[in-house]
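A.B. asks: the sequence isn't on hand, but the structure is:
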């Protein structure tokens, strides 16, 4: 029996067996979506420091230069790149473009994503 | 496998299309947002004074608010798609719709207020 998602059988969501590459693409898109939505709300709340004036905002920026925050920012970049590139494929496939080669496109886009994430990792953590 | 390409049940083609189009526009806007915020300003917009100066350009204010609206529409429609996969009852779905619209509207109003407040401090 294929491993289909069902609301009342949620432990099975975490079972990676009998899943196709497309399902992993789907899962990756959903997980990054949740992360990016959480970041959007955090970003809006954090930028609220701007309304409190120069001292509040500059103090906040000093705090986020901490490596732990940088790691969080790197996760946001990774999620954004993966979700964005995979999303372009989904949009094209939705209009019937490249449906036959979607597996290859997915793999190619995720390799590009890995390359971009590696670039940002190097750039963010080499500047100190 | 044709079903997997069709819009999700209960989502409706209009909302699905809106999600696709806002997604594509976000790729463009995010690129601009990223380049302008991190590359055009030397070293990035890392101080309060830099941000206030940046928001003096009305095009930037319009662009940032438009970007926020697109992101909120896309992310909240996406969140709804994920919740639809949990097969909510019509009653639960009504509550979900209401909560998402309220949080989304608050996020847009708050973000626009913030952008205009910063623009007004120049």
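C.D. replies: Thanks, I have it. Since this is a predicted model, take the numbers as computed values, not measurements. Numbers count the residues shown, from 1 in each chain, chains lettered A, B, ... in the order given.

A.B. asks: use CA for all of it now, contacts and neighbours both
C.D. replies: Fine.

A.B. asks: please, where are all the helices along the chain?
C.D. replies: Just going to use chain A. Here chain A has its helices, by DSSP state H, at A:21-47, A:54-63, A:67-94, A:102-126.

A.B. asks: my bad, the chain I had in mind was chain B
C.D. replies: Going by DSSP H, chain B shows helices at B:13-35, B:48-54, B:58-84, B:90-119.

A.B. asks: which strands and helices sit next to the longest one?
C.D. replies: Applying 3 or more CA pairs under 8 Å, 6 or more residues apart in numbering or on different chains; DSSP states H and E, one finds that helix B:90-119 contacts helix A:21-47, helix B:48-54, helix B:58-84.

A.B. asks: distance of the residue nearest the centre of chain A from residue B:112?
C.D. replies: Nearest residue to the geometric centre of chain A (CA atoms, centre = their mean): residue A:79, 1.4 Å. For residue A:79, the distance to residue B:112 equals 25 Å [CA to CA, to the nearest Å].

A.B. asks: quick one: low-confidence ranges for the chain?
C.D. replies: Reading this off chain A. For chain A, the stretches with pLDDT under 70 are A:1-5, A:7, A:127-128.

A.B. asks: oops, I was thinking of chain B
C.D. replies: B:1-9, B:41-43.

A.B. asks: indicate the residue of it located nearest to chain A.
C.D. replies: Across chain B, no residue is closer to chain A than residue B:86, which sits at 4.7 Å (CA to the nearest CA).

A.B. asks: show me the contacts for the residue positioned nearest the centre of chain B.
C.D. replies: In chain B, the C-alpha nearest the mean C-alpha coordinate belongs to residue B:71, at 1.4 Å (CA atoms, centre = their mean). Going by CA atoms under 8 Å, 6 or more residues apart in numbering or on different chains, residue B:71 touches B:22, B:23, B:26.

A.B. asks: give me the spatial nearest neighbour of the second one, chain neighbours excluded.
C.D. replies: Nearest residue to residue B:23 in three dimensions, chain neighbours excluded: residue B:74, at 6.3 Å (CA to CA, 6 or more residues apart in numbering or on different chains).

A.B. asks: residue 28: neighbour count?
C.D. replies: In the absence of a named chain, this looks at chain A. Per other CA atoms under 10 Å in any protein chain shown, the neighbour tally for residue A:28 reads 15.

A.B. asks: oops, wrong one, chain B.
C.D. replies: Count around residue B:28 with other CA under 10 Å applied: 12.

A.B. asks: and it, how far is that from residue B:71?
C.D. replies: On the measure of CA to CA, residue B:28 and residue B:71 end up 12 Å apart.

A.B. asks: do the same with residue A:109
C.D. replies: Distance from residue A:109 to residue B:71, by CA to CA: 22 Å.
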